[in-house]
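[1] Let's see this in three dimensions:
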Amino acid sequence: MKTIDVCLSPELMHLYNVQDRTVVVVDIFRATSCMTTAFAHGIASITPFAKLEDCLSLKTKGYYTAGERDGKKVDGFDLGNSPFEYMEDKLKGQKIAFTTTNGTQAIAKSAGAKEIIIGSFLNLSAVVNYLLKGDNNVLVVCAGWKGKVNLEDTLFAGALVELLKEHTQPDCDAPVAAQHLYNAAKNDLFDFLKDASHVKRLAKLNVYKDIQFCLTPDQYSVVPVLKDGVLIV
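    Below is the predicted model of the structure:
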């Protein structure tokens, strides 16, 4: 039987061998939710970067640039980190260079994996179906917040563990803990997360509709996959 594990923070990635795994990178609030939304609305590709300057350098090559730090859009970038920004018709068929506080860092730290895909509640069932069709063991990498664990990414990891429980077995206690947490929260994710640190952080920025939207399962059927450093579907 395939195994599933959960890395609760990218800072723990040194503990995991990723060479035989499909890594599912998740940053619910909001990077991977934005990426999923972008592809569902016709984006051609997303190139993720850990560093702002590397990302911004692609602006001269015809890319739209998306930059977020501490929840805010970075000056000089075309786009921020709200999924609603990625629904615009003008972005269809375009390429985006993308950097965020946590999500793109988690992608960078997953380098060397057999496969890297993007997960969110928005494409939860699509990710489950994708993993069921594959032969690889699974590692869910939670982006967290600046190296610290967060609730929303852990809940998504738990959802995957729960939905794959007939087909995978946990590698350690992290997936078991995430699964229990998800089962306690699944009837009302929004209420469960009302006191979560990043929810409070976004609320200070008057970001409310993003939170509700990013917690809505199965809006889209796309699964972004990293190929040669570029996300495509």
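[2] hey, where'd the helices end up in this structure?
    In the chain, the segments counted as helices under DSSP state H are 31-40, 52-56, 103-109, 124-133, 151-163, 173-185, 189-192, 197-204, 209-214.
[3] With mean neighbour count added, can I get the ones you listed in TSV?
    For the C-beta atoms, the positions are set from N, CA and C on the backbone; glycine is no exception. As requested, these are exported to TSV (neighbours: other C-beta atoms under 10 Å):
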stretch	mean neighbour count
helix 31-40	28
helix 52-56	16
helix 103-109	25
helix 124-133	18
helix 151-163	25
helix 173-185	18
helix 189-192	16
helix 197-204	15
helix 209-214	18
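[4] Between the ones you listed, which one is closest to Q19.
    Nearest to Q19, of all the helices of the chain, is helix 103-109, at 14.4 Å by C-beta to C-beta.
[5] any idea of the mean pLDDT for that closest one?
    Averaging pLDDT along helix 103-109 gives 97.
[6] rewinding a little: how about the helices of the chain, which one is nearest Q94?
    Nearest of the helices of the chain (C-beta to C-beta): helix 31-40, 9.3 Å.
[7] The closest one - contacts with which helices or strands?
    strand 45-48, strand 95-99, helix 103-109, strand 115-119, helix 209-214 (3 or more C-beta pairs under 8 Å, 6 or more residues apart in numbering; DSSP states H and E).
[8] lowest confidence element among the helices and strands of this protein?
    helix 197-204 (a mean of 79; mean pLDDT, DSSP states H and E).
[9] That one relative to helix 151-163, how many degrees between them?
    130 degrees (axes from the mean of the first three to the mean of the last three C-alpha atoms, to 10 degrees).
[10] Which elements pack onto helix 197-204?
    helix 151-163, helix 209-214.
[11] Against D20, how distant is the residue of the chain positioned farthest from its centre?
    Of all residues in the chain, T60 has its C-alpha farthest from the mean position, at 26.8 Å, by C-alpha atoms, centre = their mean. Distance from T60 to D20, counting by C-beta to C-beta, to the nearest Å: 39 Å.
[12] same question, K109
    Distance of K109 to D20, given as C-beta to C-beta: 17 Å.
[13] so what pLDDT did the residue farthest from the centre of the chain get?
    Value listed for T60 in the pLDDT field: 96.
[14] Let me know the distance separating it from D195.
    In terms of C-beta to C-beta, T60 sits 43 Å off from D195.
[15] wait, isn't S125 in contact with P217?
    Yes - in this structure, S125 is within contact of P217 by C-beta atoms under 8 Å, at 7.2 Å.
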